[in-house]
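A.B. asks: Pasted the sequence and its predicted model underneath.
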Amino acid sequence: MMNLEIEKQLTSLCGKTLKEASNQEIYHALLLYVQSESKKKIQKEEGRKLYYISAEFLIGKLLSNNLINLGIYEDVKEILNNSGKNLADLEEMELEPSLGNGGLGRLAACFLDSIATLNLLGDGIGLRYHFGLFHQNFKNNLQNETPDIWLSDDCWAEKTDVTYPVMLAGKEVKARLYTIYVTGYEGRTNRLNLFDLDTIDESIVEEGICFDKSKILENLTLFLYPDDSDEAGRLLRIYQQYLMVSAGAQLILEECHKRGSNYHDLKDYAAIQINDTHPSMVIPELIRLLEEKGIEFEEAVEIVEQVCAYTNHTILSEALEKWPVSSLEKVVPQLMPIIKKLDEVARKRSDNENTAIILNDVVHMAHMDIHFSHSTNGVAQLHTDILKESELADFYALYPDKFNNKTNGITFRRWLIACNPKLCAFIESLIGKGFHKNASELEKLLDHVNDEKVLGELIQIKKHNKHQLNVWMKKKQGIELNEDAMFSIQSKRLHEYKRQQLNLLFLIHQYLEIKNGHKPSVPLVSIFGAKAAPAYTIAKDIIHALLTLSNVFNEDEAVKKWLQIVMVENYNVSAAEKMIPACDLSEQISLASKEASGTGNMKFMLNGALTLGTMDGANVEIAQAVGNDNIFIFGASSKQVIERYQKNDYCALDWYESDPNLKRAVDFIISDEMLSMGNEENLRRLHHELIHKDWFQTFPDFNAYLVRKGQAMEEYSRDEKLWAKKALINIAHAGFFSSDRTIEEYNRDIWHLH
Ligand code: 26Q
């Protein structure tokens, strides 16, 4: 019945039968159909409403996810099959919006899914970047950047008639609203509001991702900024941020007013979650707008503090945004007087200079957030503890009640149901479908961990997913994977603190061992997905070293069978959906204390990979959940690391000189084999950086990493059933890491919606 109705609608939208229609036409019809079905699930807006404001929303492709959440995925698949079409082919046609760098942006997307699934009233506010982050490909073993095109006629973001005036550097521009409907799993429909300018000119992008940085009206939302390496780029980021927060704040006030707010009671209508410091200017902007409505400064400050809450995603001090007063004076002169007054208020609240907002003519955005919002949260227990104890200790002393932890989570709809249909169906056959919405039901799997048949099936599913990844890689990059090998995957942004270079040193060591006749216990395919910020030199050198090493392995017939490095080009959400279900060993090897949480670690666990990791971020909570027998932990503790930094006594060269294995691996970076296939400049720079700096302390953890990884490989080869049992235990304990749980906590402690 349902099928007939859907088919009728699709046929009418296509203007021809599905058999006659092209894939493009069917995709378009499906888009329109899904959008209209989503709109039917918009509900009346009652009570307080959440606004999740974020410079990034890494939403991924939307077709399948929307079909799943609307409960019509299987129906549509069948209708298409009956007409000789394939839903998977249609999914391939969708262009992925790359509106985020990594974890923070993907978290925002998972949150929108959970908010709508839990039937909470909450919209996102962000920017409609034309090219998102860059598109990555590899040429001559180097990363190459080009625009990542996603806007087309078949785009989920609908243009609206709504615009808001925004003053940028004294000139008024018009921010136009675009809407993407966000439908929860068997839940309501909310919105993702993305702002853009009509005046953007995509044709000013010249070579690669270069363009004239001075033409603000033409370039403002062309790209998402991966770094702030040059002055013009930095200024551009302020322009972007202000466009987002000013239009966003106007939208919020307008909506609340329409629903009956007199602004004095704004807290009864709105909760604003500030996703890291990128949207922090929303605080002074709201105060400015409230003053325009006739509210006194003191009261406006109070209102804003009741409404806003701030999430911190990083402990790296270089990533905490600080803007020179002169830059803000240029771009947002209307905000500077307010920020100065807020600084005075902050200085009255505490005489500790460290908690001031303006220090040496620099505005500390995080400081403004903590003073003038009612909640500051970290994103994993360890991260929150470190914020309280060290990074933000002065603030914690001032506002102990504002601080709280919200351990990150992931949406199981995308990261299990959609990306791993075989595993999902198998789990359903064992414990039913309850876990779709009630993730803790996965624990019922513990009843099956000793069932040989179940473990055998789990092994087959992993094999199937590895095969699928191989097919995809062959098609995409012409690379063939050894499906019988163990698949280890490290996929995340390239950053020194995440330590892809430690993995590199392991691979070199393994290679040299094989050359000396010591075969590993199992062949290893080591898969990476990582974009490096275009101006991050050492990160690009690490990519170069990995690609070059991969060539060295490929050229060596004897080694090739045992060791393979695969670099997946343009790692994004769609690539992750293919890679994660195929993983045996999840590499989460950041320097303890540096990774705020990590969310990839949760996705791998949910898909039955075992974690090889340091006691960092949410790895700590994963270890607690699964127990030490079901995870491979290694390396220095966060306490040891923090002490090392405090004492400032870490000397890379000493470690290098005193460990022959380590020295041999490090020196191989500039060996004849590597230099014959790679660039001397890149390789020497990396070698030099490691032995003279190694700021993220890979050397002290090198040995422990070798040992632990060797152990994992040995266990994997010795007893596949035991490995599968451990994988099942991991899946069973993944429930805590559902973003539904995270959102319930945000709502219980911070937002108080319903
Ligand atoms: C800052 C200034 C100028 C230009 C760019 C930036 C910038 C852009 C993006 C700074 C930070 C980011 C992104 C940070 C991020 O993704 N953090 C990750 O957030 C995840 C979700 O909480 C955590 O799981 C990760 O541990 C954390 O690294």
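C.D. replies: Arrived safely.
A.B. asks: Return the distance of the nearest residue to residue 402 once chain neighbours are set aside relative to the ligand.
C.D. replies: Leaving aside its chain neighbours, residue 402 sits nearest to residue 376 (5.2 Å; criterion: CB to CB, 6 or more residues apart in numbering). From N, CA and C alone the C-beta is placed, and that goes for glycine too. To the ligand, residue 376 is 14 Å away according to CB to the nearest ligand atom, to the nearest Å.
A.B. asks: count of residues packed around residue 376?
C.D. replies: Neighbour count for residue 376, taken as other CB atoms under 10 Å: 24.
A.B. asks: Isn't it up against residue 369?
C.D. replies: Yes - with contacts counted by CB atoms under 8 Å, residue 376 reaches residue 369, the gap being 7.0 Å.
A.B. asks: Now the common contact residues for the two.
C.D. replies: Contact criterion CB atoms under 8 Å, 6 or more residues apart in numbering; residues shared by residue 376 and residue 369: residue 310.
A.B. asks: Got phi/psi on the closest residue to residue 218 other than its chain neighbours?
C.D. replies: Using CB to CB, 6+ apart and skipping residues adjacent in sequence, the residue nearest residue 218 is residue 201, 4.1 Å away. Torsion angles at residue 201 (phi, psi; degrees, to the nearest 10) stand at phi -120, psi 100.
A.B. asks: Would you agree residue 137 falls within a helix?
C.D. replies: No - counting by DSSP: H, G, I helix; E, B strand; the rest coil, residue 137 is not part of a helix but strand.
A.B. asks: pretty sure it contacts residue 146?
C.D. replies: Yes - taking contacts as CB under 8 Å, residue 137 lies within contact range of residue 146: 7.2 Å.
A.B. asks: Number of residues surrounding the residue in the stretch 651-754 of the chain positioned nearest to the ligand?
C.D. replies: Closest residue of the stretch 651-754 of the chain to the ligand, CB to the nearest ligand atom: residue 742 (10.1 Å). Residue 742 has 22 neighbours, counted by other CB under 10 Å.
A.B. asks: Any buried residues in the helix or strand of the chain with the lowest mean pLDDT, and which?
C.D. replies: Here the helix or strand of the chain ranked lowest by mean pLDDT, DSSP states H and E is helix 2-14, holding a mean of 92. Neighbour counts over helix 2-14 (16 or more other CB atoms under 10 Å) mark 6, 7, 9, 10, 11, 13, 14 as buried.
A.B. asks: Domains in this structure, by residue range?
C.D. replies: 41-61+96-408+742-751, 412-737 (automatic domain parsing).
A.B. asks: JSON lines for these, including distance to residue 72 and mean pLDDT?
C.D. replies: Listed next are those as JSON lines, based on distance: least, CB to CB, whole Å; pLDDT from 0 to 100:
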{"stretch": "domain 41-61+96-408+742-751", "distance to residue 72": "11", "mean pLDDT": "96"}
{"stretch": "domain 412-737", "distance to residue 72": "14", "mean pLDDT": "98"}
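A.B. asks: Taking the protein, what residue is nearest to the ligand?
C.D. replies: Counting by CB to the nearest ligand atom, the chain gets nearest to the ligand through residue 103 (2.9 Å).
A.B. asks: Quick one: name whatever helix or strand follows the least confident helix or strand of the chain.
C.D. replies: helix 23-40 (DSSP states H and E).
A.B. asks: quick one: average confidence on that following helix?
C.D. replies: Mean pLDDT, computed over helix 23-40, is 97.
A.B. asks: Give me the residues contacting whichever helix or strand comes after it.
C.D. replies: Using DSSP H and E, the helix or strand that directly follows helix 23-40 along the chain is strand 49-53. If you take CB under 8 Å, 6+ apart as the criterion, strand 49-53 is touched by 108, 111-112, 115, 120-126, 244-245, 248, 252, 255-256, 269-275, 279, 282, 751, 753.
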